[in-house]
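Undergrad: Next come a sequence and a model predicted from it.
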4 protein chains.
Amino acid sequence: MQLRADSIVWDIGAGSGAVGLEAARLCPDGYVYAIEKNADDAAIAAANRRDHGVHNYMLIQGKAPQSLERWPDPDAVFIGGSGGELDELIHLSLTRMKPQGWLVMNFVTFENVGAATAVLKALDAQWDLTQLQASRSRPILDMHRLAAENPVWVVCATRGENHD
Amino acid sequence: MQLRADSIVWDIGAGSGAVGLEAARLCPDGYVYAIEKNADDAAIAAANRRDHGVHNYMLIQGKAPQSLERWPDPDAVFIGGSGGELDELIHLSLTRMKPQGWLVMNFVTFENVGAATAVLKALDAQWDLTQLQASRSRPILDMHRLAAENPVWVVCATRGENHD
Amino acid sequence: MQLRADSIVWDIGAGSGAVGLEAARLCPDGYVYAIEKNADDAAIAAANRRDHGVHNYMLIQGKAPQSLERWPDPDAVFIGGSGGELDELIHLSLTRMKPQGWLVMNFVTFENVGAATAVLKALDAQWDLTQLQASRSRPILDMHRLAAENPVWVVCATRGENHD
Amino acid sequence: MQLRADSIVWDIGAGSGAVGLEAARLCPDGYVYAIEKNADDAAIAAANRRDHGVHNYMLIQGKAPQSLERWPDPDAVFIGGSGGELDELIHLSLTRMKPQGWLVMNFVTFENVGAATAVLKALDAQWDLTQLQASRSRPILDMHRLAAENPVWVVCATRGENHD
């Protein structure tokens, strides 16, 4: 996400806050604006904020794009969950984002990757797609096998033409 | 495994017979000798042999290297399970195998890959290692994620120096 | 592809013949019909057929769906390359294929996976998607790293509703 | 690496400084001690430190374990390159590390993973192994394939018995 010390970050679909809170620690002179619709997740994120003593972070419980019009224009946007508003959120992020800003989105389904990249192509945005897969050791007898976690996809986008 | 129509194949740790029975179908003028220590697996392999009408295949229930001294020298050896006799089975396979023959071994643990490649290095054999990972689609809502299967390793070896 | 000894197989976009020729060896009482538009690939496939002494295999140099109307209905169809006629080839394969037959397609681009699964959804076919990734050992100093090959996707489809 | 705001971090084989400098940003009340033997890499790391205005970071050009005896006991150790002193560095890190500290090591060869885990087993340390693989989109015609990067392995260790 190419964060600087003073970056303004939006964290849409913040879940339990992991991405946004780490961003806040990396941007001590910046600020992170987060929104999460699920009340339990939002409560966990709020508790994590307190536990880590993070002051440059605010979290709204609600459903994006609600509230985004009141946030300052971002240097970086992270979309961890879109609740079906993916097209609108991509449009809004690329419109509001400062030049050279980055939009980063995580996906677990092929269909959402396809939908996101179709929107980005239509907007003539620059983007690329990364697939990540982790496997972790598990003991078996006195040895170790690798237990695979499911692949995830990360789409990174900025304004302008595709930079590939 | 570079099988020809007349290849002689050993299938050590045959499990339920999948590899050996497919080899037998690919080598109609050859023969597959299989051994499996687990009685239930051996019974399934025998049933699969009958179901597919495979005639150039025999299966012994037992523990390798038992019985291997009575089998003809192989063009190809597949080790799907070694029951702790890995060193001896690699030595025996490379010794008995015809020139240009291939030994193919499947592993699910890091430690067995390390043990097998250490033996192959000590024998100055040619070998390489392939890691395979598959992920399969699973429905989620009206979309599809990928569910990962665990990585497996395949070690292929022949006589002579490492060909990498 | 669940081939039986007497399966009729179509190999569309046969390339240098690897899939179709192995299918022919697995189906000694069946027959493989192959088509490849690239003349060089078709010549290699023909040479491979002769080298392996495969008799139950024919290859046409041309561009599918040309010629398919003269082939008998298949038990299995493999599409290794579609030359832009993907929709029509999927329709045709599912229409002509015998019940319980399988259509297997290989893809290297996200967009073609998306296009194929969209057609299969529209046809209410059963299908699943497998991602395969291999990595092979390469020497570095006196050790070995893994060099990754690019992921490929395999879509398997049959008639009827999605069986996941 | 479970860093806190006041963590003391060692970065051994710092390369161009990416890991250590991000750690320094995440630990504003802590300090990162880095060592890199390659002069060009060390110069890049020093330039990156200045560019990002990171003050809680020092880098020595040299070869570990040289200099480590003068550094305070760490909360976390990252080994990105070991220059053949892997056994000694693991011993030293686990001995000097504070309780609940984590040692994190990156590897690109099977043999070094095997060597590191053998040392950790001999020390009866807790450890696990993660394999990471990324693939990135590349344009092909008007579509996108995935180009795979080579797998890497991360070994995480702490004192005490294996926690798997």
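TA: That came in fine, so what should we check first? Numbers count the residues shown, from 1 in each chain, chains lettered A, B, ... in the order given.
Undergrad: how near is A:V104 to D:V19?
TA: 20 Å (C-beta to C-beta, to the nearest Å). Yep, even glycine has a C-beta here, placed from its N, CA and C like the rest.
Undergrad: same question, A:K37
TA: 35 Å.
Undergrad: more crowded one of those two?
TA: D:V19 (20 against 16; other C-beta atoms under 10 Å in any protein chain shown).
Undergrad: would that one count as being in a strand?
TA: No - according to DSSP: H, G, I helix; E, B strand; the rest coil, D:V19 belongs to no strand; its state is helix.
Undergrad: Which secondary structure elements does the helix or strand hosting A:V9 sit against?
TA: Following DSSP states H and E, one finds A:V9 within strand A:8-12. Applying 3 or more C-beta pairs under 8 Å, 6 or more residues apart in numbering or on different chains; DSSP states H and E, we find strand A:8-12 packed against helix A:18-26, strand A:31-36, strand A:76-79, helix A:86-96.
Undergrad: one more time with 6 Å
TA: Counting by 3 or more C-beta pairs under 6 Å, 6 or more residues apart in numbering or on different chains; DSSP states H and E, the packing neighbours recorded for strand A:8-12 are helix A:18-26, strand A:31-36, strand A:76-79.
Undergrad: ranges for the strands of chain A?
TA: A:8-12, A:31-36, A:57-61, A:76-79, A:102-107, A:126-140, A:143-148, A:152-158 (DSSP state E).
Undergrad: Just put the ones you listed in JSON lines and tack on distance to D:T158.
TA: Shown next, in JSON lines, are those (distance: least, C-beta to C-beta, whole Å):
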{"stretch": "strand A:8-12", "distance to D:T158": "30"}
{"stretch": "strand A:31-36", "distance to D:T158": "30"}
{"stretch": "strand A:57-61", "distance to D:T158": "29"}
{"stretch": "strand A:76-79", "distance to D:T158": "30"}
{"stretch": "strand A:102-107", "distance to D:T158": "29"}
{"stretch": "strand A:126-140", "distance to D:T158": "14"}
{"stretch": "strand A:143-148", "distance to D:T158": "17"}
{"stretch": "strand A:152-158", "distance to D:T158": "27"}
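Undergrad: Tabulate the ones you listed in CSV, adding columns for mean neighbour count and mean pLDDT.
TA: Converted to CSV, the strands of chain A look like this (neighbours: other C-beta atoms under 10 Å in any protein chain shown; pLDDT from 0 to 100):
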stretch, mean neighbour count, mean pLDDT
strand A:8-12, 26, 97
strand A:31-36, 25, 97
strand A:57-61, 19, 96
strand A:76-79, 24, 97
strand A:102-107, 22, 96
strand A:126-140, 18, 95
strand A:143-148, 20, 94
strand A:152-158, 20, 96
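Undergrad: Looking at those strands, which is nearest to B:L120?
TA: strand A:143-148 (18.3 Å; C-beta to C-beta).
Undergrad: How about the closest one and chain B, touching?
TA: Yes - against chain B, strand A:143-148 shows contacts by C-beta under 6 Å from any C-beta of the partner chain at A:M143, A:H144, A:R145, A:L146, A:A147, A:A148.
Undergrad: Identify the residues contacting the first one.
TA: For A:M143, the set of contacting residues under the criterion of C-beta atoms under 6 Å, 6 or more residues apart in numbering or on different chains consists of B:T109, B:E111.
Undergrad: What residues does chain A have near chain C?
TA: Residues of chain A found near chain C (C-beta under 6 Å from any C-beta) are A:G114.
Undergrad: interface residues of chain A facing chain B?
TA: A:108-111, A:135, A:143-148, A:150-151.
Undergrad: can you name the two of these that are farthest apart?
TA: Farthest apart among the residues of chain A next to chain B by C-beta to C-beta are A:E111 and A:M143. That separation is 38.4 Å.
Undergrad: Pairing partners for the nearest residue to A:E149 once chain neighbours are set aside in the sheet, please.
TA: For A:E149, ignoring the flanking residues on the chain, the nearest one in space by C-beta to C-beta, 6 or more residues apart in numbering or on different chains is A:A134 at 4.8 Å. According to DSSP bridges, the residues that bridge with A:A134 are D:L132.
Undergrad: what's the answer for the one 4 residues further on, then?
TA: On DSSP bridges, the residues paired with A:R138 through beta bridges are A:R145.
Undergrad: How many residues are close by the nearest residue to A:S16 once chain neighbours are set aside?
TA: With sequence-adjacent residues excluded and distances taken as C-beta to C-beta, 6+ apart, A:S16 is closest to A:I44, at 4.2 Å. Neighbour count of A:I44, defined by other C-beta under 10 Å: 17.
Undergrad: dump the residue contacts of A:S137.
TA: Counting by C-beta under 6 Å, 6+ apart, A:S137 has contacts A:H144, D:D128, D:L129.
Undergrad: How much space separates the residue most central in space within chain A from A:A157?
TA: Note on chain A: the residue nearest the mean C-alpha position is A:F78, at 2.5 Å, using C-alpha atoms, centre = their mean. Separation of A:F78 from A:A157 (C-beta to C-beta): 12 Å.
Undergrad: for A:V113, same thing?
TA: Separation of A:V113 from A:A157 (C-beta to C-beta): 12 Å.
Undergrad: swap in A:A115?
TA: Counting by C-beta to C-beta, the gap from A:A115 to A:A157 is 13 Å.
Undergrad: and if you look at A:Q126?
TA: Distance from A:Q126 to A:A157, by C-beta to C-beta: 6 Å.
Undergrad: same thing with A:K98?
TA: Noted for A:K98: a distance of 14 Å to A:A157, by C-beta to C-beta.
Undergrad: which non-adjacent residue is nearest the residue in chain A positioned nearest to chain C?
TA: Using C-beta to the nearest C-beta, A:G114 is the residue of chain A that sits closest to chain C, at 4.4 Å. In space, and not counting its chain neighbours, A:G114 is closest to C:G114: 4.4 Å by C-beta to C-beta, 6+ apart.
Undergrad: Kindly reformat the helices and strands packed on strand A:8-12 as TSV containing distance to chain D.
TA: Putting the helices and strands packed on strand A:8-12 into TSV (distance: least, C-beta to the nearest C-beta, whole Å) gives the following:
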stretch	distance to chain D
helix A:18-26	5
strand A:31-36	14
strand A:76-79	15
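Undergrad: May I have stretch A:3-20 as CSV, with CA atoms only?
TA: This file holds the C-alpha atoms of stretch A:3-20, laid out as CSV (Å, rounded to 0.1, in the frame of the first residue of the first chain):
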residue,chain,number,x,y,z
LEU,A,3,2.2,4.0,3.1
ARG,A,4,4.1,7.1,4.3
ALA,A,5,4.3,8.4,7.9
ASP,A,6,1.5,10.8,7.1
SER,A,7,-0.8,8.7,5.0
ILE,A,8,-4.6,8.9,5.2
VAL,A,9,-6.0,5.4,5.0
TRP,A,10,-9.5,4.0,4.5
ASP,A,11,-10.2,0.5,5.8
ILE,A,12,-13.5,-0.7,4.3
GLY,A,13,-14.8,-3.9,5.8
ALA,A,14,-12.4,-3.7,8.6
GLY,A,15,-13.2,-7.0,10.2
SER,A,16,-11.4,-7.3,13.5
GLY,A,17,-9.1,-4.4,12.6
ALA,A,18,-5.8,-6.1,11.8
VAL,A,19,-5.0,-4.3,8.6
GLY,A,20,-6.1,-0.9,9.7
